[in-house]
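Asks: would you be able to build a 3D model of this:
(chains A, B and C)
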Amino acid sequence: MLLIHCPCCGVEAEETEFAAGGEAHITRPGPDCSDAEWSTYLFDRKNPRGVHLERWRHAFGCGKWFHMARHTYTLEIYGVYKADELTPPQAILDRIAERTSA
Amino acid sequence: MSNVNKALARAPGYSTAADALGVQLEAMPLRAMITIRGDLADATLVNAVEAVSGCTIPAVRKATFAGENSLLWMSPDELMLFGSYTEADDLVTSLNDKAGGAHMLAVNVSDARAVFRLSGEKARYALGKGAPIDLARGHFGAGDIRRTRIATVATGIVMTAEMPDTFEVFCFRSYGTYLWNWLISACDKDALSDLG
Amino acid sequence: MTRLAEGGSLIDRTKSVSFKFDGKTYQGFAGDTLASAMLANGVKLVNRSYKYHRPRGVVTSGPEEPNALVNLGSGPTHEPNVRMTQVPLFEGLEATSQNRFPSLSTDVGVLNALASKLYPAGFYYKTFIHPRVAWKHLFEPVIRNIAGLGRAPTEADPDTYEHQYAFCDVLVAGGGIAGLLAARKAGEAGARVMLVEQTERLGGRMLVDDDAEIDGKSAVAWVAEQIIALEAMENVTIRLNTCASAAYDHGYTMLYERRTDDRKGAGPRHRLWRVRTKQIIAATGMIERPIAFYGNDMPGVMLASAVRDYVKLWGVSPGKNTVVYTVGDDGYRTALALNAAGYKVAAVLDVREDPIGLLVEQVRAAGIKVMPATGVGKVVGSKSGVSSIKTVSLMSGQDDTPLGDTIECDCVAMAGGWSPVVHLYSHSGGKVIWDAKLAMYRPDAQFRPTDGSGEGFVYAAGGANGALQTEAVLKSSSEAACGALSTIGMKADATVPGVIAVAEQPMQPIWFTPTEGKAAYGGKHFLDYQNDVTVADIRLAAREGYESVEHAKRYTTLGMATDQGKLSNINGHAILADALGKAMPDVGTTTFRPPYTPISMGSIAGREKGILFKPVRETVMHDWHASQNAEFEPVGDWRRPYRYQQGNEGREASIHREIARVREAVGLLDASTLGKIIVKGPDAGKFLDMMYTNMMSGLKIGKCRYGLMCNDNGFLMDDGVVARLDDETFLCHTTSGGSDRVHAWMEEWLQTEWFDLKVYTANVTEQWAQFAVAGPNARKLLERFDGDIDLSGDALPFMSFADGVLDGLPVRIFRISFSGELSFEVATPASYGLALLEMLISKGGDLGVGPYGTEALHVLRAEKGFIVVGDETDGTVTPHDVGMSWAVSKKKEDFIGKRAMMRSDLTREGRKQLVGLLTTDPKTVLPDGAHAMSADGKRAIGHVTSTYYSPTLKRSIAMALIEGGQSMMGQTVTIGIDAKTDAQAVIASPVFYDEEGARQNV
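Replies: Predicted coordinates for the structure are as follows:
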């Protein structure tokens, strides 16, 4: 069971306080988009054995959504960042690069 | 609403706690509870809240106290103001008045929650039977608040004093009976005798 | 009796304890385990094996015990599969053997053993495949009856159990010398330490194998000194009888504490600790290995370490005349212990050609015969135990070797080498490495289990890390403590205590002991006692192509179930490697899965049973409802009154009475469970326009609008009435089960998609008690209050609301209706709810006021054709499908669900549409979910979503989703009632009553 740092209230808490929200940084297209774009938005999700950018909510805690960069197999967490950040901060990207280069 | 008869309000009732508890456990009477949402860095809002409550704005996961009032940090844009039940509507009105045009929400939720108090040297361990958080001395102290769960019920846990260790636990009122029964079970002295 | 005249450091000879096994009364001492007490009473046969029902005795002295599983207690406290070696003896203990019929000594299942040639590896897979039907009705029931371990209890367990959360920097698992030293170092470094030990004593093997000096003291004195030091440290918690059962991700560790299994003390019987630790030091020691030889499962064949444990700890000798069979020096300790206790050791059989060293010399000096390069070729005896063995020379190297001398004995002590307990290291992905020199898998420090930051969080210490001798154990422990602490930014003292110990010579592993004739095939060379897996089984699996150790394990059941590889793995894997002609590391090892030893079901449940099983939500009127004989039904977590029973009336009579009350007088419904969410801010209208399919921004202050909420698939997910409180503030009602979900849904969009919108929300569901006051007399009733709200139809028209006071109660009154009648929903702060309810009842006696429940509510709304999200919808239904296109804005540029509703599948002809159904026989009430058939009867074209008998209309009514239903008005369809019966129904409007809405709009 993961130990997760919530970037919104600062606690390290066990996974049972959180709710997973799937892949992060999915763009919601407008109502004029094509069927294919809409389908991609609704249904197409990555399922990597590796680094995954994902959404979580501190459901039993401060209630806030945030982002997490996590390895789906080793369960290493490279960092967490706020829900209104559209891409991972450079420090997290650097950490991912460092940790996955070997 | 000056002709409201506040004597008609009734606090939730619970069964009497058994004698064999290793922690003093009580259900608390009604109190004012005001949910305040807004930008906690906004000076207008901060001034309004501090003026109305008498409490300073708490730091992250802290509670501040002033007389009957206390102010709890609930999330990065949410506070909970505790005070006297009969003054709840006035507190909301004052907050709205003083906050002027700041974008904020102050709403009276004084009737929406149940509050229980645990006190005694084993209180940390009783809560630790269901709350997945570090309540050990030195890691959780007076003025700390944590929103978490007890069993599967969403709760807030505030430590109001240490030595004797005193916690207030609140949850939505509909879960009150369940949580009360759970706390009675967790405070069983035989389940605490070998802890601490 | 085999109790020694003196000795036994754990027992108290002044306290006699009486207990029963299979109905017979025995005596033991306080401090005994059930196993030591049974051995003290000379009882060797304690069980029958799982598959062949072979007679079995105690093999070990600890949690690795494969054979001595018993039923403990009776009736509600009955517990199956308890290892006797872990049961503390207490006065009045009752145990029975399991897996035997009719009795332990006369077991008909032993016939399986006579037919054991018919039960090779994979027998079940191969034999019971055809005919398929026979598996279910013949083979499985018979096999299930014969096989299996104990039987599950049938009554509720009266004991209590609990969970406990704890946090620490370093969790030390195991209280032997490695654990004690690591805990002390971590404690002295200032870390928060938990030291747990599965037995009731600290010191581990040092309490038995005490032939070393540590820091100039006897080992036992050194242990005592560590305990005193640890107990004095405030930052160190020691818990005995507590097993580190599992190490999960990111340092989440499960401990299993057996608090009152000795029936001393009160409170929870077992406690499951849920510990989050930064580092684990696995000082879990080693388990001795059995040796595969012909007949090695006879009662009286035991691990050599267990034999000396019984002698030294419990003052019991399992045998009066013992043969030791050893691969190294360690077995000699057993010979010396027995000799010192005054028992005969017939011989020490040593695999090595030239055993030398101090221990060997001491044994020889005691006059005990040492036989080099000799093994146990065959065990002779009966169900009551070993009577002799035949030796075999190990020089030939052939499986089939002529047997040698006969040696009379009643006990065979096997010292097959030691296997580190790597379970905690492996549970979360730590890898092990084969050490050919020590013939063991030990933790590979290159591949520790890693935590969230990618750091290793388990260090193995001492025996668990492969250290065999005292000096190496302490060195390993010190390194583990230093490593674990440095990982978390702390520093441990690296000094290793000085050790003076007996030098030991290298061991020589043996995986298979030769014997004579057909037996050399290995059919009675047992590897896994618990699962009756033999060398022959593994060899067969190899021949049949099971090259992967994981496949061979499943095919043969080697190391499955509670064993989890404790005793059986290494020998089994070595046999497999040999059969495949591979090296040991090329075969690999199986996965060690938690828990390390079985834990009780009660401990998993904890205190969440009975009334604490699951939280239920109650409104503030719950007790009042109960006082009115309410029958409750679950709605989400809520318990809502389904109906109120009067006198002896039946269920239907209550419901019809309550419906009539609303249609003819005035009824009260506790609607407090409806979700209520405040949405406030300059962008609140804009936000709600996105959340709802209809336009909310244009709603006027003081007015209400019914709104539909869809997901981005275009499917209905919630509905409710929205009221505009002021320019910036809306109050959104949700369904009863939906308040948390809808609030979270709104917050998700605000936080993750439209974080630029200036909107705050608050879930105020529980702030309010709310009643529907519904019926022709509703207004009359409310006008009897002393209030400041004009309740007339002109001042407070349908779909509006007003705030005010009724008889001193602060209220908000909504003119909304879910029954089709004149209806006011009156909300008051929850603390006033009971007062409001009591006033409504007392003021309306002559108006026929009374409560109605959710079933009456459902019939009333169905008569009006109102949908319920979750009844008429199932996650694939759009607003258009349920005939509510009027509630979907065409003007809005976007809202959640808009784009999806343009998809071809959602706009095509022939989608299921909501219609009413009127059965041709008005008395026939269709079953919920019944299917409507196509005209040719070959296809289901829809299903019934709500169906009731309407007492108002005096006929059955139903709603259904039917393909193209809205264009089939007036047509008759066939509805299947059950396999043999159909009903006919006419498709009609789903609004069965007062289609114009005249009754509610007054």
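
Asks: so which residues on the stretch 651-800 of chain C come close to chain B?
Replies: Residues of the stretch 651-800 of chain C lying close to chain B by CB under 8 Å from any CB of the partner chain are C:678, C:680-682, C:758, C:760-762, C:764-768, C:788. No exception for glycine: its C-beta is placed from N, CA and C like everyone else's.

Asks: are any of the residues you listed buried, and which?
Replies: Buried residues within these, defined by neighbour count using 16 or more other CB atoms under 10 Å in any protein chain shown: C:I678, C:K680, C:G681, C:Y760, C:T761, C:A762, C:V764, C:T765, C:E766, C:Q767, C:W768.

Asks: thinking again about what came up before, state the pair within the residues of the stretch 651-800 of chain C next to chain B that is farthest apart.
Replies: Using CB to CB, the two most remote members of those are C:K758 and C:D788, lying 33.6 Å apart.

Asks: quick check: B:H139 touching C:D169?
Replies: No - using CB atoms under 8 Å, B:H139 is not in contact with C:D169, being 11.3 Å away.

Asks: mind checking the SS state of the residue lying closest to C:A30 once chain neighbours are set aside?
Replies: Spatial nearest neighbour of C:A30, chain neighbours left out: C:K15 (3.8 Å); criterion: CB to CB, 6 or more residues apart in numbering or on different chains. Following DSSP: H, G, I helix; E, B strand; the rest coil, the label given to C:K15 is strand.

Asks: if I pick C:K15, what's in contact with it?
Replies: By CB atoms under 8 Å, 6 or more residues apart in numbering or on different chains, C:K15 lies in contact with C:F29, C:A30, C:G31.

Asks: tell me the pLDDT of the nearest residue to the first one once chain neighbours are set aside.
Replies: I take that to be C:F29. Once flanking residues are discounted, C:F29 sits nearest to C:I11: 4.2 Å by CB to CB, 6+ apart. The model reports C:I11 with a pLDDT of 97.

Asks: could you report the separation of C:I11 from A:H67?
Replies: 60 Å (CB to CB, to the nearest Å).

Asks: cool, C:M746 as well?
Replies: 20 Å.

Asks: okay, buried residues for the longest strand along chain B please.
Replies: The single longest strand within chain B, with elements called by DSSP state E, is strand B:153-161. By 16+ other CB under 10 Å, the buried positions in strand B:153-161 come out as B:V153, B:A154, B:T155, B:G156, B:I157, B:V158, B:M159, B:T160.

Asks: check contacts around A:R49.
Replies: Applying CB under 8 Å, 6+ apart, the residues contacting A:R49 are A:T72, A:Y73.

Asks: need the contact partners of the longest helix along chain A.
Replies: Scanning chain A for the helix with the most residues, using DSSP state H, yields helix A:90-100. Residues outside helix A:90-100 that contact it (CB under 8 Å, 6+ apart) are A:G50, A:V51, A:A69, A:H71, A:E76, A:Y78, A:G79, A:Y81, A:P88, C:G454.

Asks: ranking those residues by neighbours, who comes first?
Replies: A:Y78 (24 neighbours; other CB atoms under 10 Å in any protein chain shown).

Asks: residues contacting it?
Replies: A:V51, A:A69, A:R70, A:H71, A:I92, A:R95, A:I96, A:R99.

Asks: specify the local secondary structure of it.
Replies: Quick answer, by three-state DSSP: A:Y78 is strand.

Asks: what sits opposite the closest residue to it other than its chain neighbours in the beta ladder?
Replies: Nearest non-adjacent residue to A:Y78, counting by CB to CB, 6+ apart: A:A69, 4.2 Å away. Listed beta-bridge partners, A:A69: A:L53, A:G79 (assigned using DSSP bridges).

Asks: what sits closest to C:F801 if chain neighbours are left out?
Replies: C:F814 (4.3 Å).

Asks: show me what that neighbour bridges to in the sheet.
Replies: Beta-bridge partners of C:F814, as defined by DSSP bridges: C:F801, C:E825.

Asks: ok, it touching C:R724?
Replies: No - look at C:F814 against C:R724 with CB under 8 Å: they stay out of range, at 11.9 Å.

Asks: in the longest helix along chain C, what counts as buried?
Replies: The longest helix of chain C (DSSP H) is helix C:470-487. Neighbour-count burial for helix C:470-487 flags C:470-485, C:487 (criterion: 16+ other CB under 10 Å).

Asks: how about stretch C:233-244?
Replies: C:M233, C:N235, C:V236, C:T237, C:I238, C:R239, C:N241, C:T242, C:C243, C:A244.

Asks: which one of those residues is nearest B:D111?
Replies: Nearest member of the buried residues of stretch C:233-244 to B:D111, counting by CB to CB, is C:T237, at 42.1 Å.

Asks: that closest one pairs with what?
Replies: With DSSP bridges as the rule, C:T237 is bridged to C:M194.

Asks: I figured it hits C:L195, correct?
Replies: Yes - C:T237 is in contact with C:L195 according to CB under 8 Å; the separation is 7.1 Å.

Asks: low-confidence ranges, chain B, go.
Replies: For chain B, the stretches with pLDDT under 70 are B:1-2, B:18.

Asks: ok, which stretches of it are helices?
Replies: Using DSSP H, helices in chain B cover B:43-53, B:88-99, B:123-127, B:176-186.

Asks: then the stretch 101-250 of chain C?
Replies: C:111-114, C:123-127, C:132-134, C:140-146, C:177-188, C:219-231 (DSSP state H, counting those that start in this stretch).

Asks: so where's chain A uncertain?
Replies: Within chain A, the stretches with pLDDT under 70 are A:102.

Asks: rewinding a little: what is the rounded mean pLDDT of the next helix or strand after the longest helix of chain C?
Replies: As assigned by DSSP states H and E, the chain's next helix or strand after helix C:470-487 is strand C:499-501. When pLDDT is averaged along strand C:499-501, the result is 95.

Asks: please apply the same query to stretch C:602-614.
Replies: 96.

Asks: so is that stretch next to chain B?
Replies: Yes - against chain B, stretch C:602-614 shows contacts by CB under 8 Å from any CB at C:G606, C:R607, C:E608, C:I611, C:L612, C:K614.

Asks: can I get the residues you listed in JSON lines with neighbour count, secondary structure and distance to C:A900?
Replies: Shown next, in JSON lines, are those (neighbours: other CB atoms under 10 Å in any protein chain shown; DSSP: H, G, I helix; E, B strand; the rest coil; distance: CB to CB, whole Å):
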{"residue": "C:G606", "neighbour count": "22", "secondary structure": "coil", "distance to C:A900": "43"}
{"residue": "C:R607", "neighbour count": "22", "secondary structure": "coil", "distance to C:A900": "45"}
{"residue": "C:E608", "neighbour count": "19", "secondary structure": "coil", "distance to C:A900": "40"}
{"residue": "C:I611", "neighbour count": "12", "secondary structure": "helix", "distance to C:A900": "43"}
{"residue": "C:L612", "neighbour count": "19", "secondary structure": "helix", "distance to C:A900": "42"}
{"residue": "C:K614", "neighbour count": "12", "secondary structure": "coil", "distance to C:A900": "35"}
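
Asks: need these in TSV with distance to chain A, can you?
Replies: Below are the residues of stretch C:602-614 next to chain B laid out as TSV (distance: CB to the nearest CB, whole Å):
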residue	distance to chain A
C:G606	14
C:R607	17
C:E608	13
C:I611	22
C:L612	17
C:K614	16
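
Asks: check the separation of the first and last residues in stretch C:202-220.
Replies: Its start and end residues considered, stretch C:202-220 measures 10 Å (CA to CA, to the nearest Å).

Asks: stretch C:526-533 now?
Replies: End-to-end for stretch C:526-533, by CA to CA: 6 Å.

Asks: over to stretch C:965-974?
Replies: Per CA to CA, the first residue of stretch C:965-974 is 13 Å away from its last.

Asks: and it, what's its mean pLDDT?
Replies: What stretch C:965-974 shows for mean pLDDT is 96.

Asks: now stretch C:924-932
Replies: On average, stretch C:924-932 scores 97.
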